[in-house]
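Peer 1: Curious how this folds, go ahead:
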Amino acid sequence: MRLTFVNDLGQSFVVEIDPDMELENVMALLEAESGLPASEQSISFDGRELSNPKSTMLELGLGEDAILLLRRKVVVAGRAGAQDAEMMRLQLLGNPSLMRQLQAIQRWPLLPNQIPRALLSS
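Peer 2: Alright, predicted model coming up:
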């Protein structure tokens, strides 16, 4: 079975595996291919996160030439999850240098309380 994993940077990793391979073993293989530690991986297929490490690719409903999203889990306030708009907002708020850069490229000043709308509407 051939699977393609695409990350947020547009990189893709193609792996040939047995359909009975468990998710945790696929994640170990991806760690070798992508350099992203298995403990930091979040893998999604068809809009749902694959979270049971003991499930096989067949059990997860993956077929030949499936395309999956590979994202880095981030920890914000002790909570792990795939990076999303809210986590990005929190990272921006916590980094004054990034805030200044973002404000410099905006057509209008971006105030901290406007960040959620700005990120979610773009």
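
Peer 1: Residue 67 is in contact with residue 43, correct?
Peer 2: No: look at residue 43 against residue 67 with Cβ atoms under 8 Å: they stay out of range, at 11.4 Å. Every residue, glycine included, has its C-beta placed from N, CA and C.

Peer 1: When those two are compared, which one has more neighbours?
Peer 2: Each of residue 43 and residue 67 has its neighbours counted (other Cβ atoms under 10 Å); residue 43 has more, 20 against 13.

Peer 1: what separates the more buried one from residue 21, distance-wise?
Peer 2: Distance, residue 43 to residue 21, by Cβ to Cβ, to the nearest Å: 13 Å.

Peer 1: which parts of the helix ranked longest in the chain are buried?
Peer 2: Of all the segments assigned as helix in the chain under DSSP state H, the longest by residue count is helix 23-34. Counting neighbours by 16 or more other Cβ atoms under 10 Å, one finds that the buried residues in helix 23-34 are 23, 25, 26, 27, 29, 30, 34.

Peer 1: how about the helices in the chain?
Peer 2: Shown for the chain, the helices assigned by DSSP H span residues 23-34, 85-93, 96-105, 115-121.

Peer 1: what is the rounded mean pLDDT of the second one?
Peer 2: Pointing back at helix 85-93 there. For helix 85-93, the mean pLDDT works out to 62.

Peer 1: Counting by contacts, list what the longest strand seen in the chain packs against.
Peer 2: Longest strand in the chain, counting residues (DSSP state E): strand 66-76. Applying 3 or more Cβ pairs under 8 Å, 6 or more residues apart in numbering; DSSP states H and E, we find strand 66-76 packed against strand 2-7, strand 41-45, strand 79-82, helix 85-93.
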